[in-house]
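*Asks:* Model the following, please.
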Amino acid sequence: MMQCRAADYAFCDFNCCKCVSNALYACGLKKEGPWPNAPCDGSNPPYVPKNKKKQK
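*Replies:* Predicted structure coming up:
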């Protein structure tokens, strides 16, 4: 969760559910059932913000 920054937020590309999903994934956990913002949900982690994908 500490790696999620407000500057990375984008509703469909990297939202708070995807940030939480990454945190759960890092701990070996996964949320069961639908996320509150489906289909822009966090059901398939890990996620990377678009602006970080461009940096290589």
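*Asks:* Can you tell me the element the residue positioned nearest the centre of the chain falls in?
*Replies:* With distances taken as C-alpha atoms, centre = their mean, Lys18 lies nearest the centre of the chain, 1.8 Å away. Element membership of Lys18 [criterion: DSSP states H and E] is helix 16-26.
*Asks:* could you give the mean pLDDT of that helix?
*Replies:* The average of the pLDDT scores along helix 16-26 is 88.
*Asks:* What of stretch 47-56?
*Replies:* Average pLDDT, stretch 47-56: 67.
*Asks:* okay, now the nearest residue to Val48 once chain neighbours are set aside: neighbour count?
*Replies:* Of all residues not flanking Val48 in the chain, Phe14 sits nearest, at 7.6 Å (C-beta to C-beta, 6 or more residues apart in numbering). For the C-beta atoms, the positions are set from N, CA and C on the backbone; glycine is no exception. Using other C-beta atoms under 10 Å, Phe14 has 23 other residues around it.
*Asks:* Equivalent analysis for Asn44, please.
*Replies:* Asn44: 10 neighbours (other C-beta under 10 Å).
*Asks:* Please apply the same query to the one 5 residues further on.
*Replies:* Using other C-beta under 10 Å, Pro49 has 19 neighbouring residues.
*Asks:* For it, give me its contacts.
*Replies:* In this structure, Pro49 makes contact with Asp8, Ala10, Asp13, Phe14, judged by C-beta atoms under 8 Å, 6 or more residues apart in numbering.
*Asks:* for Tyr47, same thing?
*Replies:* Applying C-beta under 8 Å, 6+ apart, we find Tyr47 in contact with Phe14, Lys18, Cys19, Ser21, Asn22.
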